[in-house]
Each structure stands twice: as structure tokens, then as C-alpha cells.
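In: Need the 3D shape of this:
(4 chains)
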Protein chains: 2
Amino acid sequence: MSNVDEMSDMFKALSDPMRLKVLKLLPKHGEEKELCVCALADELGISQPNVSHHLKILKSVGLVKCAKHEGFSYYAVNMDKIKCLFDDLQNEIEK
Amino acid sequence: MSNVDEMSDMFKALSDPMRLKVLKLLPKHGEEKELCVCALADELGISQPNVSHHLKILKSVGLVKCAKHEGFSYYAVNMDKIKCLFDDLQNEIEK
DNA sequence: TTCACAAATTCACATATGTAAATATATATA
DNA sequence: TATATATATTTACATATGTGAATTTGTGAA
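Out: Modelled structure (predicted):
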């Protein structure tokens, strides 16, 4: 990655409390837990379009991945991406 | 204040390309390198008030520390804070 | 095909943010 | 003290952002 624009976009995706709550609820990549978007909306107390909007932002920077089956969308956190982001940040500003 | 609010504030501070460039230029806590605000402005090609503004945001969340002597302000990156942020993020969303 | 439901998109609007310009404050030196 | 310089604050404004409401798209079942 190693460019400040990409990194700032990822930090911007993480800079909203509701999106952090979304990440907290979502299963991590590989886990068998599954939550559809409407269940997320219910759990978070916000509208379904709002959840979709936040998920779109998280997905646009690769922080979550989406799989669809039986009419539902199941999102999962991409933990590797988060680890990479922090490694890149340290490399970028420490060297 | 809940944990996600504090964390999102720190991510927001990191979500601007110019602020990442500031962190890249600043010495890390403990280094002997020193850069005054006007030198930063010169290096970044932006105005001095703009640099002060970005530094204020970084300082408000503890990502940089400031020391003054001989009329100059010298800022330094607080790397520990960054490490803590990532540990907290992982603890928050992985458990 | 039709219907029902899940998810995404669009629109509207209030709030937040980054930046330039002007001004104010602080500090060192003469 | 007065003056020059470094830094911080204020103001203004255009753009970006988060959210609700309404709508649209997509998908599976009947």
C-alpha cells in the first residue's frame, strides 16, 4: 500500500463509531457465525439502508468481504487487512 | 465515553493524507531530530496556520506531543499511542 | 409470471471538515 | 520598553459525511 491516500481512506472508514460497532458484530473471516444485513440493522438500532451504506464504505477499502447465498448477504471482517494497515502505518512513519 | 467513540476519534485524526505526511516528517518520541512548525509548513507546502490546525487535531487525541523552547514548538509522534490503538481495535472487534 | 422479502441506491438535509486569509498571542532579543 | 518572529486562533466558505425516507433492484418461492 505505502501511500498516504490509500491509508487515509482506510482510516476514514474506521473513523465512525457505528462502523466500529458493525465490525464488532460481524464474524471474522473464517468464522462460521453469520449475520444478514437486516439482523445487523436490528442489532444496531439503525435502518437497513444505513447499514448498507456503512458496509459499502467498509467494503470499498477491503475491510469487509461479502458473500451471498439464499437471498441474504453475509459480511465478514477481513482481519488481515487491518493488520496490514497498521504494519504499513508503522513502516510509513517510522522509517 | 465508550471505547468506540475514543477509537473513532483517533482514526479520524489519522484519516487525512496531510496529517499522515505530518506524522511521517515528525521525529518519533525520543529521537533527537527537531522540526519547528514553520519548517513543517515549508516542507509540506501548506500554510503555517494549516499545519497548526492539523497538529492540534493530532495532539487532541494524543498522537503527538509538544515541547516548547526558545520560542519554537517541537512536536513528536507518540508511537506508543498508535500501538495501543491497534491493540484496542483488535481486542474490541476480535473478542 | 406474481408476490414477498433482502439489500442496494437515490435524494434531501443538517452537520462536520479542510483550507485560505486575516488576526491574535506568545516569546526572544535589542 | 519596542520590535521581529513563531505559533495559535478566528472567520469564512466550499466540500464531504452520516442518516432518514423513499425508491429500486435482486432473489427465491409459489
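In: Next, count neighbours for the closest residue to DNA strand C within chain A.
Out: Going by CB to the nearest atom of the strand, DNA strand C is nearest to residue A:49 of chain A, at 2.7 Å. Quick note: C-beta positions are derived from backbone N, CA and C, even for glycine. Neighbourhood size, residue A:49 [other CB atoms under 10 Å in any protein chain shown]: 10.
In: After whatever helix or strand it lives in, heading C-terminal, what element do we hit next?
Out: Residue A:49 is part of helix A:48-60 when elements are defined by DSSP states H and E. Where DSSP H and E defines the elements, the next helix or strand beyond helix A:48-60 is strand A:64-69.
In: Sheet-wise, list the partners of that following strand with their directions.
Out: Note on strand A:64-69: by DSSP bridges, its sheet partners are strand A:72-77 (antiparallel).
In: any residue of the strand it pairs with up close to DNA strand D?
Out: No. Applying CB under 7 Å from any atom of the strand, one finds strand A:72-77 out of contact with DNA strand D, separated by at least 8.5 Å.
In: would you put the C-alpha positions of that strand in CSV?
Out: Output of strand A:72-77 as CSV, limited to C-alpha atoms (Å, rounded to 0.1, in the frame of the first residue of the first chain):
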residue,chain,number,x,y,z
PHE,A,72,-29.0,-13.0,2.0
SER,A,73,-25.8,-11.0,2.1
TYR,A,74,-23.3,-12.1,4.7
TYR,A,75,-20.4,-9.8,5.5
ALA,A,76,-17.2,-10.8,7.4
VAL,A,77,-14.3,-8.7,8.7
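In: Could I get the buried residue list for the longest helix seen in chain A?
Out: Using DSSP state H, we find that the single longest helix of chain A is helix A:79-94. Residues A:79, A:81, A:82, A:85, A:86, A:88, A:89, A:92, A:93 are the ones in helix A:79-94 that count as buried (16 or more other CB atoms under 10 Å in any protein chain shown).
In: close to chain B, is it?
Out: Yes. Helix A:79-94 reaches chain B (CB under 8 Å from any CB of the partner chain) through A:79, A:82, A:86, A:89, A:90, A:92, A:93, A:94.
In: Could you pull up the residues touching the spatially closest residue to the fifth one that is not a sequence neighbour?
Out: Okay, so that is residue A:90. Spatially, and ignoring its direct neighbours in sequence, residue A:90 is nearest to residue B:82 (7.2 Å; CB to CB, 6 or more residues apart in numbering or on different chains). Residue B:82 makes contact with A:86, A:89, A:90, B:63, according to CB atoms under 8 Å, 6 or more residues apart in numbering or on different chains.
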